[in-house]
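Novice: pasting the sequence and the predicted coordinates here, then a few questions.
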Amino acid sequence: MKPTQFYIGVALGAACLVLSIASVTMGQSNQRLQTEAQSQQMEINKGNMSQQIGTNILRDMAQSSVKNEKMKAALSKNGFNVQVTPNTESSKSDKK
């Protein structure tokens, strides 16, 4: 083997070593970023669930305020005006 071939082989081996180290480092960095993104998505999902629960509670409060004046007053005090609309299913069944 000629000395130039030896040096080319050593250089290619060193390049492979550097690229392997870079690949491992990038893999670890990617895993850390995926974990961070996953935790952020979990927080977003918790917020969506809280919003759904709040909407359902408000809907139930509005339904009960039809019969309860104190509930209706509490809702209107906080900016929610409840208006009673006729149920479309019962009005359709009445027409039959």
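Specialist: Thanks, I have the structure now.
Novice: where in this protein is pLDDT low?
Specialist: 87-96 (pLDDT under 70).
Novice: which helix runs longest in it?
Specialist: helix 3-65 (DSSP state H).
Novice: starting at the chain centroid, how far to the helix or strand that comes right after that one?
Specialist: Using DSSP states H and E, the helix or strand that follows helix 3-65 in sequence is helix 69-77. Its chain's C-alpha centre and that of helix 69-77 lie 33 Å apart, by CA atoms, centre = their mean, to the nearest Å.
Novice: does anything pack onto the longest helix of the chain? Which helices or strands?
Specialist: helix 69-77 (3 or more CB pairs under 8 Å, 6 or more residues apart in numbering; DSSP states H and E). For the C-beta atoms, the positions are set from N, CA and C on the backbone; glycine is no exception.
Novice: buried ones in the helix it packs on, by neighbour count?
Specialist: Met71, Lys72, Leu75 (16 or more other CB atoms under 10 Å).
Novice: what's the separation between the last one and Val84?
Specialist: Pointing back at Leu75 there. Plainly put, Leu75 is 13 Å away from Val84 if you go by CB to CB, to the nearest Å.
Novice: and for Tyr7?
Specialist: Distance from Tyr7 to Val84, by CB to CB: 89 Å.
Novice: again, but for Cys16
Specialist: For Cys16, the distance to Val84 - CB to CB - is 76 Å.
Novice: thinking again about what came up before, angle of the longest helix of the chain against helix 69-77?
Specialist: 130 degrees (axes from the mean of the first three to the mean of the last three CA atoms, to 10 degrees).
Novice: and helix 3-65, how far from the chain's centre?
Specialist: On CA atoms, centre = their mean, the centre of helix 3-65 falls 14 Å from the chain's centre.
Novice: can you check stretch 54-71 too?
Specialist: On CA atoms, centre = their mean, the centre of stretch 54-71 falls 28 Å from that of its chain.
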